[in-house]
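**Q** The following comprises the amino acid sequence and a computationally predicted model.
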Amino acid sequence: MERFFVAKDLFSLLLAAVVIPPEITSAIDDLLRRVASLVRFTAVDEKNREIADLEREMSAANFWDNPESAKNVLRRISHLKEIIAPVLALQTKIADLDAFLDLLKDEHDESLLRDFEAEVKRLSQELDALELASFLSGKHDHANAILSIHAGVGGTESCDWADMLLRMYLRWAERRGFDTEIQDMQAGDGAGISRVTVRIVGPSAYGYAKAERGVHRLVRISPFDANKRRHTSFCSVDVVAELEDDDGEIEICDDEIRIDTYRASGKGGQHVNKTESAIRITHLATGIVVTCQNARSQYKNKDFALKMLRSRLYERMEDEKRSEMERFYGEKGEIGWGNQIRSYIFQPYQLVKDLRTGAESGNVQAVMDGEIDFFINYWLRAGSPKARRQGISAD
């Protein structure tokens, strides 16, 4: 009889123990595998060795004899640590999760299991974000972005489409916690805008925003057509990295540019229309033109215009090195049919489709409200393709 009660108590204890779903165990194994791959992909060991070498260099007595070189070393160390610190921290969390799983099997509290499952999901999302960030390995991917929108084929329709794209990108930046500054804007004829330049400030803003560079096509029933016909409009989106003032890679001499001042247009009060605070800079050798009229001060507008010109010249130089295109703007092609990278179809059905990756979404309203990370992430995971894939229909 005593043996019967002992067996019964043991059986009850086994029933009370928490049963770990096999999918949780599988998810943890997957997390361990992925984080190990991420450690290798981001070359954590090599970066740790480089940090150690640079820190030994910092300990030298003559380290600060060259302030500019010292500043570059400090910046490099900070950049390397920013890359590897979150990867190593996540690796530790996932390893602890695996160890805690063994302890959880002996517990009898279902609420602990639910908390454990939620933590697995959270760490999986954190790993997703780090994997995407690891693709931002370009020299200036960590920099702020300068995004420009130009209306193309379609007249008033395209100007309205440019205005819609501006709203979409401002909403996207807000969702990501980026700050935005409209540096230059020219109103369209009748509606919308013909061009706009926006500065996007935030961690790796350029690395993410560069996915949007190209021609964007809109298909809808025009609100400007009394006959309610379907119209197609095009806009070009241009994205360059904002170079640091002390970057030193692009030097611009006074005799290489022409600076024009003019009265700013648009909203801004009486000051805007009374002083020539707007700046237009033309690079004589390349014909690149940049403008800025955001600030009330002519000097501030000039400083930003020069920064934007350096950024555009740098992108042009990189494209020439890669021999991909004759110039940076050529990558987008003509702002018209056959060159679009993404189509936004409002009627007769709703669909947004990226023609470089094949990614698509039927929730057009969400996309226009700034939910474009799906397309950006897909593009990054696909290897950042620059050309349209063959066999992908635009409609």
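**A** Thanks, I have it. Residues are numbered from 1 along each chain as shown.
**Q** Tell me where the stretch 101-250 of the chain has strands.
**A** 145-151, 179-187, 193-201, 214-221, 230-241 (DSSP state E, counting those that start in this stretch).
**Q** mind showing which ranges of the stretch 251-395 of the chain have poor pLDDT?
**A** 265-276, 318-338, 390-395 (pLDDT under 70).
**Q** Save the strands of the stretch 101-250 of the chain as a markdown table, and put in distance to residue 52, mean neighbour count and mean pLDDT too.
**A** Heads up, the C-betas are built off the backbone N, CA and C, glycines and all. A markdown table is the format used below for the strands of the stretch 101-250 of the chain (distance: least, CB to CB, whole Å; neighbours: other CB atoms under 10 Å; pLDDT from 0 to 100):
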| stretch | distance to residue 52 | mean neighbour count | mean pLDDT |
| --- | --- | --- | --- |
| strand 145-151 | 33 | 25 | 93 |
| strand 179-187 | 35 | 18 | 89 |
| strand 193-201 | 32 | 21 | 93 |
| strand 214-221 | 42 | 22 | 92 |
| strand 230-241 | 29 | 22 | 90 |
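**Q** Take those strands and write them to JSON lines, including distance to residue 283.
**A** Shown next, in JSON lines, are those (distance: least, CB to CB, whole Å):
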{"stretch": "strand 145-151", "distance to residue 283": "15"}
{"stretch": "strand 179-187", "distance to residue 283": "16"}
{"stretch": "strand 193-201", "distance to residue 283": "16"}
{"stretch": "strand 214-221", "distance to residue 283": "23"}
{"stretch": "strand 230-241", "distance to residue 283": "14"}
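**Q** For residue 83, find the nearest of those.
**A** Closest approach to residue 83 among the strands of the stretch 101-250 of the chain (CB to CB): strand 230-241, 17.4 Å.
**Q** Can you list the strands that the closest one pairs with?
**A** strand 145-151 (antiparallel), strand 214-221 (antiparallel) (DSSP bridges).
**Q** If the closest residue to residue 225 other than its chain neighbours is in a bridge, with which residues?
**A** Of all residues not flanking residue 225 in the chain, residue 231 sits nearest, at 6.6 Å (CB to CB, 6 or more residues apart in numbering). Residue 231 has the following beta-bridge partners by DSSP bridges: residue 220.
**Q** what's the neighbour count on the nearest residue in space to residue 355 that is not next to it in sequence?
**A** Of all residues not flanking residue 355 in the chain, residue 388 sits nearest, at 4.5 Å (CB to CB, 6+ apart). Counted with other CB atoms under 10 Å, the neighbours of residue 388 add up to 19.
**Q** residues in contact with residue 388?
**A** Going by CB atoms under 8 Å, 6 or more residues apart in numbering, residue 388 touches 340, 341, 355, 356.
**Q** What is the nearest of the residues you listed to residue 79?
**A** The nearest member of those to residue 79, counting by CB to CB, is residue 356 at 28.8 Å.
**Q** For stretch 117-128, give me every contacting residue.
**A** Contact with stretch 117-128 is made by 24, 27, 28, 31, 34, 35, 38, 90, 93, 94, 97, as judged by CB under 8 Å, 6+ apart.
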